[in-house]
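Participant: please find the sequence and the predicted model below.
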Amino acid sequence: MNGMMMQSQLILTGIMKHALNNSPDGEIVSITLDNPDFRYSYQQAFERASQLAYALQKLGANKGDRIGTLAWNDHRHFELYYATSCSGLVCHTINPRLFPEQISYIIEHAADRWLFIDPLFMPLIESLATHLGSIQGIVVLTDKAHMPNTTLSNVYCYETLIAAEPSEFHWPELEEESAAALCYTSGTTGNPKGVLYSHRSLMLHTYGVLMPDVFAIRRDEAILPVVPMFHVNAWSIPYAAPAVGAKLVLPGPKMGCGETLSKLIKKESVTIAAGVPTVWLALLKYLRESEETLPSLNRVVVGGSACPWSIMEEFEQKHEVYTHHAWGMTEMSPLGTYNARIPGKLPKEEAQALRLKQGRPGFGVEMRIVDPEGNTLAQDGLAFGALQVRGPWVCERYYRSNESALTEDGWFDTGDVATIDADGYLTITDRTKDVIKSGGEWISSIELENFAMTQAGVAEAAVIGVAHEKWAERPLLIVVPSEGKMVKTEEILASFKGHFANWWIPDDCVIVQEIPHTATGKVSKKDLREAYSDYLWPHEATV
Ligand code: AMP
């Protein structure tokens, strides 16, 4: 027997309608090159999304067409999110930090029909002109006065394009399974792969991130996504904020600048902000130097890479800001786990250990860890294995691939190695391909890095496995000292003693000025491994 409830489709248009009915005055603040202090209401934003939907129709965009965006976090990108997805098109966000050849690969693979770009990216697109075969035209996200000169043809100005269009589009009744957005993984090996989100998966994910033990955003809050809108839909914040009517603060192109972030948080009374560890390092550095404070800020969400304790401690002790550690990936829309506020009082060391974990899965995500034969391992916080997930916002197959991306029994292998404890807390110990195997035993590079980053004078640390004649591989620690600080390799290595089994402790430490990062801000272990492929251990070097 079927239930007898309404069959309303879970489509993003629902968020737009809900915001228009319930929070039309909810505010969006946006920094763009042509206006560093733009602000308007959800009502105005969705009226302009309507105008854009009409303009896209006139440009000849058809249902299912991919519309590429190369843009920062601002109001025009927000309008694009809704105008494309809710009119049956696919919003394809492209990461401008990728290598140009990866960007052209992605545009060609997705066969984008139109590109919407920030003026800053015009030189990049011009350099890719020969790879834009599927592209019918380019729309520059600015007004007439700020249009860049270009050698390309079929280039339009966004504001001129939408100006004369009506502000009430007749949004179609879409099927919830239809594609809404596309984002390519930045994969460190092979070509990037496209993850094609459906309306349903994005809607369920939006409910998921809004839950009390996750982002828990309220209507009276102001949220700042420092995570780019070109990477996994800015962790869903452009959907979650209007769904509850919260104020949305979009920081524009200078997201990595501590001063810009600090001023914006203060001016707009931001209560919650989300981003990868590097942006928080930049913000904390600025706050330290300027002696500024952030009275409105209540919590930050940190994900994308393991969050060092130093960030959590400084936010809490100096600014009374709680740091939530979160884990996820492009293939998971991205939310996997979230470390909610720990209830009750725990001894300091226990609380620290718990908060460094990546958190617990919200309702909607199932997780398991398996050994190389596929046997499920115990959730005892000790056994570690390949982390697999499943749920309604997890990728089933990649865009334009006929093969399932799942295991035979229907799980998605994340490529991460992890432990899960009896309370369901996840600890990521490595990426499968970054695992260090010494004498046949696994060593967690993330645990070693986390510890190194608690040492005085250490700004950033990475641990990689380097070939070793006796143990096959041994861990090598690479450290970037904090500005103006001296660090001694012997002292750092000695600090590991008593905290780790002796065989886990790195055999050597190298001090560098900079560690390479990927286009999504993660330490590029691949580049580090290449850079140190000829490295000789101290005993080898002296032979
Ligand atoms: P991406 O698809 O580019 O967002 O990258 C996803 C990968 O980033 C995950 O599979 C993890 O390896 C890593 N990652 C994300 N969040 C965390 C975290 N909190 N701690 C450690 N690694 C993380």
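Facilitator: Looks like it came in fine.
Participant: tell me, how many neighbours does residue 35 end up with?
Facilitator: By other CB atoms under 10 Å, 15 other residues sit near residue 35. All C-beta atoms are positioned from the backbone trio N, CA, C, and that covers glycine.
Participant: which parts of this structure sit against the ligand?
Facilitator: Residues of the chain lying close to the ligand (CB under 6 Å from any ligand atom) are 185-186, 232, 303-306, 325-330, 334, 358, 414-416, 428, 431, 520.
Participant: what about those, which are in strands?
Facilitator: Mapping these onto strands (DSSP state E) picks out 325-328, 414-416, 428, 431.
Participant: can you add neighbour count and give those back as JSON lines?
Facilitator: Below are those laid out as JSON lines (neighbours: other CB atoms under 10 Å):
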{"residue": "325", "neighbour count": "24"}
{"residue": "326", "neighbour count": "24"}
{"residue": "327", "neighbour count": "29"}
{"residue": "328", "neighbour count": "25"}
{"residue": "414", "neighbour count": "22"}
{"residue": "415", "neighbour count": "17"}
{"residue": "416", "neighbour count": "22"}
{"residue": "428", "neighbour count": "23"}
{"residue": "431", "neighbour count": "17"}
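Participant: list the contacts of whatever helix or strand residue 124 lives in.
Facilitator: Taking DSSP states H and E as the definition, residue 124 sits inside helix 122-127. With contact meaning CB atoms under 8 Å, 6 or more residues apart in numbering, helix 122-127 is reached by 70, 96, 100, 103, 115, 117, 132, 138, 140, 148, 150-152.
Participant: now do stretch 473-485: distance to the chain's middle.
Facilitator: 25 Å (CA atoms, centre = their mean, to the nearest Å).
Participant: just the helices in the stretch 251-400 of the chain please.
Facilitator: For the stretch 251-400 of the chain, applying DSSP state H, counting those that start in this stretch gives helices covering 258-267, 277-290, 309-319, 348-356.
Participant: how about the ones you listed, which one is nearest residue 447?
Facilitator: Ranking these by proximity to residue 447 (CB to CB) places helix 348-356 first, at 8.9 Å.
Participant: what's the closest one packed up against?
Facilitator: Helix 348-356 is packed against helix 309-319, strand 322-328, with contacts defined by 3 or more CB pairs under 8 Å, 6 or more residues apart in numbering; DSSP states H and E.
Participant: contacts for the first one?
Facilitator: Contacts made with helix 309-319 from outside it, assessed by CB under 8 Å, 6+ apart, are listed as 277, 280-281, 284, 287, 293-294, 297, 300, 302, 321-323, 325, 352, 355-356, 450, 453-454.
Participant: go with 10 Å
Facilitator: 277-278, 280-281, 283-285, 287-288, 292-295, 297, 299-300, 302, 308, 321-325, 339, 352-353, 355-356, 450-451, 453-456, 458-459, 482 (CB atoms under 10 Å, 6 or more residues apart in numbering).
Participant: if any of these are buried, put those into a PyMOL selection.
Facilitator: Typed into PyMOL, the next command selects the buried ones out of the contacts of helix 309-319 (criterion: 16 or more other CB atoms under 10 Å):
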select buried, resi 277+278+280+281+283+284+285+287+292+294+297+299+300+302+308+321+322+323+324+325+339+355+356+450+451+453+454+458+459
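Participant: which ones are touching the nearest residue to residue 99 once chain neighbours are set aside?
Facilitator: Excluding its sequence neighbours, the residue lying closest to residue 99 (CB to CB, 6 or more residues apart in numbering) is residue 519, at 7.7 Å. For residue 519, the contact set (CB under 10 Å, 6+ apart) comprises 95-99, 102-103, 186, 188, 192, 230-231.
Participant: looking at those residues, spot the one nearest residue 440.
Facilitator: Among these, and counting by CB to CB, the member closest to residue 440 is residue 188, at 25.0 Å.
Participant: of the ones in strands among the residues of the chain next to the ligand, closest to residue 66?
Facilitator: Nearest to residue 66 among these is residue 328, at 23.4 Å by CB to CB.
Participant: beta partners for residue 509?
Facilitator: Note on residue 509: beta-bridge partners by DSSP bridges are residue 477.
Participant: sorry, back to before: need the contacts of helix 122-127 in JSON lines (columns: pLDDT).
Facilitator: Converted to JSON lines, the contacts of helix 122-127 look like this (pLDDT from 0 to 100):
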{"residue": "70", "pLDDT": "98"}
{"residue": "96", "pLDDT": "94"}
{"residue": "100", "pLDDT": "92"}
{"residue": "103", "pLDDT": "95"}
{"residue": "115", "pLDDT": "98"}
{"residue": "117", "pLDDT": "98"}
{"residue": "132", "pLDDT": "91"}
{"residue": "138", "pLDDT": "98"}
{"residue": "140", "pLDDT": "98"}
{"residue": "148", "pLDDT": "97"}
{"residue": "150", "pLDDT": "96"}
{"residue": "151", "pLDDT": "93"}
{"residue": "152", "pLDDT": "95"}
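Participant: out of those, name the ones that lie in strands.
Facilitator: 70, 115, 117, 138, 140.
Participant: for the second one, which residues are in contact?
Facilitator: By that I understand residue 115. Neighbour list for residue 115: 66-71, 92, 94, 107, 121, 125, 128, 132, 134-140, 152, 155 [criterion: CB under 10 Å, 6+ apart].
Participant: cool, the third one as well?
Facilitator: Contacts were defined as CB under 10 Å, 6+ apart; by that measure residue 117 touches 68-71, 94, 96, 124-125, 138-142, 148, 155, 158.
Participant: right, I'll leave it there.
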